[in-house]
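J.: Sequence and predicted structure are below.
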There are 2 protein chains.
Amino acid sequence: MTATMPAGVTAARDLVGPAIATLVDRLSPEVRIVAAYHLGLADADGRPLGPGQGGSGKALRPALALLSARAAGVAPERGVAPAVAVELVHNFSLLHDDIMDADTERRHRPTAWTVFGIGAAILAGDALLALAQDALLEDLAPQSPWAVRCLSAAVQRLIAGQAADLAFERRDDVTVAECLEMAGGKTAALMACACSIGVIHVGGPAELAMGLAAFGSHIGLAFQLTDDLLGIWGAPEVTGKPVHSDLRARKKSLPVVAALATGSEPGRELGELMADHRSPSEQDLLRAARLIEEAGGRQWAESEADTHMSLAVRCLAETDMPDDVRAEFTAIANFITSRQC
Amino acid sequence: MTATMPAGVTAARDLVGPAIATLVDRLSPEVRIVAAYHLGLADADGRPLGPGQGGSGKALRPALALLSARAAGVAPERGVAPAVAVELVHNFSLLHDDIMDADTERRHRPTAWTVFGIGAAILAGDALLALAQDALLEDLAPQSPWAVRCLSAAVQRLIAGQAADLAFERRDDVTVAECLEMAGGKTAALMACACSIGVIHVGGPAELAMGLAAFGSHIGLAFQLTDDLLGIWGAPEVTGKPVHSDLRARKKSLPVVAALATGSEPGRELGELMADHRSPSEQDLLRAARLIEEAGGRQWAESEADTHMSLAVRCLAETDMPDDVRAEFTAIANFITSRQC
C-alpha cells in the first residue's frame, strides 16, 4: 500500500518552516548550529540547506495544529504559533531520545549527538523546548496561557512515556496494557495536543477541543503501532533508520510485547532470544522478527491500529467542524497508518 | 572569612520546599524517583529523606524570588510560584550540566546520571523544566505570561552560556570578555530573573523589576567568580565537589582565562600545561593552581567579584523598595561572595 502525503502536510511545512527558522536564528551560535542541523535547515558546518535537502520531518503535527485552528473557524495563519510550538516540542524530544536510545541515524542523516556530542545535543533539545513556549506566548492572546498549559501537559506525558520506554528495556514482564499506556504518553499525547491546541489558542469551543484531542489520541496510537511495525518490517532505505533497529535495542515495542504476552511457543522462544544479552547477530534479528509474526504480534498490531483508526474517524464524525477540515483530518489519519516511513 | 546563611534563605527553603515536593509528586514514577533523588527529597530507592539529609541546595534563587515579590509590596507567599519556577529551572540545568560536564558528585552525593543513567537524568531535567512553567501558569494572574517569558529568556541565556562553556573546553584562545559573557548567561541570567520575576509576576513597577534584574545580574557574576575560585581553591569537604574538579576538566573558568590572558611567564606555562591532553596528575593540578595564582588570575577574580558586589549594592541603593527588603537582598549578596561552598 503506498501512501501519498496529504496536501495539508506539505502546505504546513511551507507555513511553519520559515517561522521555525526565524526562531532558531535567535539561538546562540553554539546552540543554533546543532538545532539547525537537526531540523534539516543546515549541514553540520552550518551551511543552509534547501528545502528537502536536509531530510526534514514530515510536518504531520504542525499540519494537525493548523487544521485545529481552522476547525475553530479561523484562518490557518492563526494556528501558526501553536503549530510551531508543537513541532519544536516534537524535535526537542527527538534530539533527546536519539541520545538515550543511542540511535545513530534519523531522516537518512547521522543523529545530532553523533555529530556534535551528547552535551551539545542535550542543550539544543533544551533550547527547542524553551523556544516552543516562547512561540506560543509571543503570539499573545487571552487564551495563550491555556495553550501553553495544554502543551506543557503533553510534554510531561511525552517525558513519562519515554521514561517508561527506557525502563521497559530492563524488564521482561511488561504487559500490553503498560505498553499501550507508554505509547499513549510517548506519541499520542503530543498528537492529541496538536489536534486541539489550535482550537484552544484561538479560544474556540471546549467540545471541539476535546473531540479533536480524542481524535488525536487515537491517531497517535495508530501512528505508534505503525511506527513499531515499520521498526521491525520497514525497509531501511524508506524509513531512514537502520534495519531492525528497534529489535537490536531490545525495545519492548507493541508487536513484541503482544507476541510475548500470547504465551505461545513462538512467544516463549522470542522471550528466550530477547533475554540473551549478547549482541544479537543479523540472523537472530531475522529470527526475532519471524517469531513475533508467528506469535501473532504483527497481526495484533495491525488490527489494533485499524481499531484506533476507526475510533478516530468516529470522534471526527461526532465533532462539529467544517466539512473540508474534517476531510483533511481524515486524509492525514489515513496517511499515518498507510505510510511506509 | 566564614559566611552565615541569611535567615531569608532558610525561610525560603521552608516555604518553597513543600511546593516543589508537591509538584514532583505529579511526575510519573520513573521520572519522579530521579527528580526526587536529585532534589535531595529521597534516596536512590525513592525512600523519603528528612530536611538536610539529602544535602539539598542552598535555595538562594527562591529566596531572591520571594524577596522580589516583597519588594513589590506584597506578601512573600505571592512569590512562591516564581520562586518554585526559578528553583526548578536551576535544578533542570544542574541535572543536564552534570551529564555534559561528566561530574560525578554534587552536594556530597553521587550525581543523578551516575545513579540512574544518562537517559533517565536527561528526562528528569526535561520534566523539571516543563514543571517550572506549570508552576508559574497555575498561579494564573494577568501578568503570568510575562513572568513565563522572563523565565524563558533566562533559560535560553542559561543554555547559551552552558553551550559556550562546553565549546571553550576545545578552544585555547578564549578571551576574558567571552568568558564573562558566558558567565553572564550560565549564572547571572537566572539570578537576574530570580531577583525580578517576583515583581513581574505580581504586576509591580517596571523600574523596580529592572533595577532588581541589574542587581541580580551583578550578584550572579560575583557568584560565578566565587564559584570558580572555590572550584580551584575550595576545600572539597566543604564544597561537596572533588578537589580541583574544574582544572581536571580543563574548564576555561574565569581565573584561568584571566591568567592565560596576562601573557606573563606563569600564564604561558599554564597554557602549556593545559594544552597537554594527557590525564593530569595531582601534581599537575597543584602546579596549575599555583600558576594561575602567580599569573594574577586569583587576584583578578577576587577583585572582579568585589567590583560586581559594589555595582550590585549601588543598583539596590538606586531602586525604590522597603528598607527591610533591601537589607535582606544585601545579606544574600554578601553571603554569595563570602561563602565557602
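T.: The structure has been received and is ready for your questions.
J.: where does the stretch 201-341 of chain A come near chain B, residue by residue?
T.: Within reach of chain B by CB under 8 Å from any CB of the partner chain, the stretch 201-341 of chain A has no residues at all. (Glycine included, C-beta is placed from N, CA and C.)
J.: In the stretch 151-300 of chain A, which residue sits closest to chain B?
T.: Closest residue of the stretch 151-300 of chain A to chain B, CB to the nearest CB: residue A:160 (3.4 Å).
J.: burial of that residue, as a residue count?
T.: For residue A:160, the neighbour count with other CB atoms under 10 Å in any protein chain shown is 24.
J.: Any stretches of chain A with poor pLDDT?
T.: Counting by pLDDT under 70, chain A contains low-confidence ranges at A:1-3, A:51-52, A:54-57, A:140, A:240, A:340-341.
J.: now the strands for it?
T.: Here chain A has its strands, by DSSP state E, at A:105-106, A:109-110.
J.: what's the closest of those to chain B?
T.: strand A:105-106 (16.5 Å).
J.: and the gap between the residue of chain A positioned farthest from its centre and residue A:288?
T.: Outermost residue of chain A with respect to the C-alpha centroid, by CA atoms, centre = their mean, is residue A:265; its distance is 33.1 Å. Note on residue A:265: its distance to residue A:288, by CB to CB, to the nearest Å, is 15 Å.
J.: what residues does the stretch 51-200 of chain A put near chain B?
T.: A:92, A:96, A:99-101, A:117-120, A:122-123, A:125-127, A:129-131, A:133-134, A:137-138, A:140, A:144-145, A:148-149, A:152, A:155-156, A:159-160, A:162-164, A:166-167, A:185.
J.: Derive a ChimeraX selection command for the buried subset of those residues.
T.: A single ChimeraX command selects the buried members of those (16 or more other CB atoms under 10 Å in any protein chain shown):
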select /A:92,96,99,100,101,117,118,119,120,122,123,125,126,127,129,130,131,133,134,137,144,145,148,149,152,155,156,159,160,162,163,164,166,167,185
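J.: Okay, and which of the residues of the stretch 51-200 of chain A next to chain B map to helices?
T.: A:92, A:96, A:99-100, A:118-120, A:122-123, A:125-127, A:129-131, A:133-134, A:137-138, A:144-145, A:148-149, A:152, A:155-156, A:159-160, A:162-164, A:166-167 (DSSP state H).
J.: Pull the number of nearby residues for residue A:248.
T.: Neighbours of residue A:248 (other CB under 10 Å): 17.
J.: check contacts around it.
T.: A:242, A:280, A:285 (CB atoms under 8 Å, 6 or more residues apart in numbering or on different chains).
J.: measure the closest residue to residue A:147 other than its chain neighbours to residue A:194 for me?
T.: Of all residues not flanking residue A:147 in the chain, residue A:201 sits nearest, at 4.2 Å (CB to CB, 6 or more residues apart in numbering or on different chains). From residue A:201 over to residue A:194 the distance is 11 Å, taken as CB to CB.
J.: is it true that residue A:123 touches residue B:99?
T.: No: at 10.5 Å, residue A:123 does not count as touching residue B:99 under the criterion of CB atoms under 8 Å.
J.: Can you report phi and psi for residue A:234?
T.: Torsion angles at residue A:234 (phi, psi; degrees, to the nearest 10) stand at phi -70, psi 150.
J.: ok, it to residue A:333 distance?
T.: Residue A:234 is 19 Å from residue A:333, by CB to CB.
J.: List the contacts of the closest residue to residue A:114 other than its chain neighbours.
T.: Take residue A:114 and drop its neighbours on the chain: the residue closest to it by CB to CB, 6+ apart is residue A:104, 5.3 Å away. For residue A:104, the contact set (CB under 8 Å, 6+ apart) comprises A:110, A:111, A:114, A:242.
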